[in-house]
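>>> Output the structure for:
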Amino acid sequence: MKAQVSGEVILVIAVLLSVSLLLVQVQQLANFQIASTKEAMTKSIAKDIAAIIDGMGSVTGNATYIYEPPRMWYSVNITEGFVFARGKDGQTSSIPYTYDCVIPNSIENEREIIIQKTTNCIMVGTFEKCTASADCDSGYCWSTDRESYICHDECAGHLHYSPDNESCCPGKGWDPVTSLCYDTSACSGSGDECNSTMSCCFGMVCMDATGPSDEGHCCINGWVWNSTSGHCQRPPITLGILVIPINWDNNVNYNAVANSIGGYYLERLPLKDCPAQFEILKVDSATNYGSHWTNGYCDVSDHEQTNRPSCYSSSVLSRIHACANEYSFSTGIDYDFVVGVDDDNIALYNPSQDQCEYNKGGWSDGAGFTLAVIVEATDVIVAGGITTHELGHEFGLMEQYCDCTGTSEESRCSTTDAVLNPLRYSLGCGGVNDGTCYHGFSYPVSPSVQCPFVDGNYDMNSLDAGGNPLPNGNRSAMSNKILDPDNPQQGYYSIDEFNIISQDPRMGCFS
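Residues are numbered from 1 along each chain as shown. As a prediction, this is how the structure comes out:
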């Protein structure tokens, strides 16, 4: 049995063949290709863990995440500021992280690595998973979230999650709605009366039948109090995003990608104030939901160019839409938009030039009938940024790449549907002399006219202590060059874009 977590948190963490080539040259080339592949996988492990650490560090409160590395022999050392990964053949990779409280440790060749944040510090390890206290050998089953329970030597304390009350420490109450163990003298659980949100346990709000109140009952943030039933009630889901894998090769963990997309995207929506109305829908990787599914993923290979990996025709969005409908029909679960994720470098095929444009990262049909976008998911953090950009198009937002003059009412990025492009003068972008717009280089609109290139408005949330826009690099989700895995906090919608999305009825909070 795997080790349980002790009070001191001691972690057990987790050819090319040609007549001109000699046989030895062919062997050298093959060895180089194999080594390059192993090096990429080793780097992927280090990069994934570092990204999860920083992503978890940016989230308020406790969290637990289960990461499944690529299937290869490896060892990982977590040191101060760096994740070191090493393959069996000696290939190594070192990736930095920025979060300031990570407990150093090492793991070797485990199929699952659990990354857990508690009391603001992050632990990385391998632990025994459980669904009830009885699963633990004289231990306790709890975690810092409600999805990934693991065995501990110590009982669950205040605001720890447990599947049952047997794992809560003596004297602690257990809330069956939130699965929280809590100190009844320190806070009130779900359904308990309250006179302010401060008296409710973490993640809950003092609510009455209409919304937050100074006199009411504690409910999970986003839920409302139902005076008829005498219980807190979750409002209906108003925005459901289905994430489905396409032609999946298991280069990265599908659940990691889907969860990252959900957290990243929600943080940038009006629904962040009522998260219970937002849902990320994930598929079962062991289930084929219809004729377009193979090995648990949406098969889009017939939309792929021959001998050009992951180079898709624009019609691939229709196939993703078809796979989503098969999922919906099979499960009875509706969705609003579908995000097709590919764990390889994707390209949009340009038939006029017979070229694969591998710098796309993703695309959509711009509020078209498919309700689908495609996203490159080689990096779990960047996938969230691409999704936010592409789903922005589904809400009618245009690219924020360019503008011509300080009084132009026409976006130079698009001569149609420019109304929703915030680079228009009347919507806040003043062109050349506007300090809230980031200006890159000049480009010719016509042989005789040079216009300034605008990469986009600064993010609505990217302000310094004085309320001024941060330096270049923090720009709107609809702008250019925002997909930086080392800076996951960029890529919010600009204030004008945010206001446009807020007008959609699905973005209204019930509470």
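
>>> neighbours around Gly171, how many?
By the criterion of other C-beta atoms under 10 Å, Gly171 has 8 neighbours. The C-beta positions use only the backbone N, C-alpha and C, and glycine is treated the same way.

>>> Next one, pLDDT for the nearest residue to it once chain neighbours are set aside please.
Closest residue to Gly171 apart from its sequence neighbours, by C-beta to C-beta, 6 or more residues apart in numbering: Asp183 at 7.5 Å. pLDDT, Asp183: 85.

>>> so Asp183 touches Pro170, yeah?
No: contact criterion C-beta atoms under 8 Å: Asp183 and Pro170 do not qualify, at 11.3 Å.

>>> And the two? Which one has more around it.
Taking other C-beta under 10 Å, Asp183 and Pro170 do not tie; Asp183 has more neighbours (15 against 5).

>>> Name the residues linked to that one by a beta bridge.
Lys172 (DSSP bridges).

>>> what sits against it?
Asp183 is in contact with His158, Gly171, Lys172, Gly173, counting by C-beta atoms under 8 Å, 6 or more residues apart in numbering.

>>> With Ser314 instead?
Counting by C-beta under 8 Å, 6+ apart, Ser314 has contacts Leu348, Tyr349, Trp363, Asp365.

>>> Where does the prediction get shaky in the stretch 251-400 of the chain?
Scanning the stretch 251-400 of the chain for pLDDT under 70 picks out 367-368, 398-400.

>>> any chance of the contacts of Asp183 in TSV, plus pLDDT and distance to Ser133?
Formatted as TSV, the contacts of Asp183 follow (pLDDT from 0 to 100; distance: C-beta to C-beta, whole Å):
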residue	pLDDT	distance to Ser133
His158	84	18
Gly171	82	17
Lys172	87	14
Gly173	85	16
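
>>> one step back: could I have the buried ones of the contacts of Ser314 as ChimeraX selection syntax?
Restricted to buried positions by 16 or more other C-beta atoms under 10 Å, the ChimeraX selection for these reads:
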select :348,349,363,365
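
>>> element containing Val373?
Using DSSP states H and E, the element containing Val373 is strand 372-376.

>>> Can you list the helices and strands that that strand packs against?
helix 316-331, strand 337-342, strand 362-364, helix 380-394 (3 or more C-beta pairs under 8 Å, 6 or more residues apart in numbering; DSSP states H and E).

>>> roughly how far apart are Tyr149 and Gly361?
36 Å (C-beta to C-beta, to the nearest Å).

>>> domain ranges for the chain?
Domain ranges of the chain: 1-127, 239-394, 418-500, per automatic domain parsing.

>>> Identify the residues contacting Ser75.
Ala85, Arg86, Ser106, Ile107, Glu108, Asn109.

>>> I'd guess it is in a strand, am I close?
Yes: assessed by DSSP: H, G, I helix; E, B strand; the rest coil, Ser75 belongs to a strand.

>>> For it, list each beta-bridge partner.
Arg86, Glu108.

>>> Ok, the one 4 residues further on next?
According to DSSP bridges, the partner residues bridging Thr79 are Phe82.

>>> Count residues in the vicinity of it, would you?
Counted with other C-beta under 10 Å, Thr79 comes out at 12.

>>> Any of the contacts of Asp183 buried? List them.
For the contacts of Asp183, buried by 16+ other C-beta under 10 Å: His158, Lys172, Gly173.

>>> What about the closest residue to Ile150 other than its chain neighbours, how many residues nearby?
Closest residue in space to Ile150, ignoring its immediate chain neighbours: Phe127 at 4.0 Å, by C-beta to C-beta, 6+ apart. As a burial measure, Phe127 scores 26 neighbours (other C-beta under 10 Å).

>>> Could you check how far Phe127 is from His321?
In terms of C-beta to C-beta, Phe127 sits 40 Å off from His321.

>>> would you list every one of the strands in the stretch 201-350 of the chain?
Per DSSP state E, counting those that start in this stretch, the stretch 201-350 of the chain carries strands over the ranges 204-207, 216-220, 224-226, 231-233, 239-245, 278-282, 293-294, 297-298, 311-312, 337-342, 347-350.

>>> TSV please, covering the buried ones among the contacts of Asp183 and showing distance to Val205.
Listed next are the buried ones among the contacts of Asp183 as TSV, based on distance: C-beta to C-beta, whole Å:
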residue	distance to Val205
His158	18
Lys172	21
Gly173	18
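
>>> tell me which of those is nearest to Asp192?
Distance to Asp192, by C-beta to C-beta, is smallest for Gly173 among these, at 9.2 Å.

>>> Which residue, neighbours along the chain excluded, lies closest to the closest one?
Using C-beta to C-beta, 6+ apart, the closest residue to Gly173 is Thr184 (4.5 Å).
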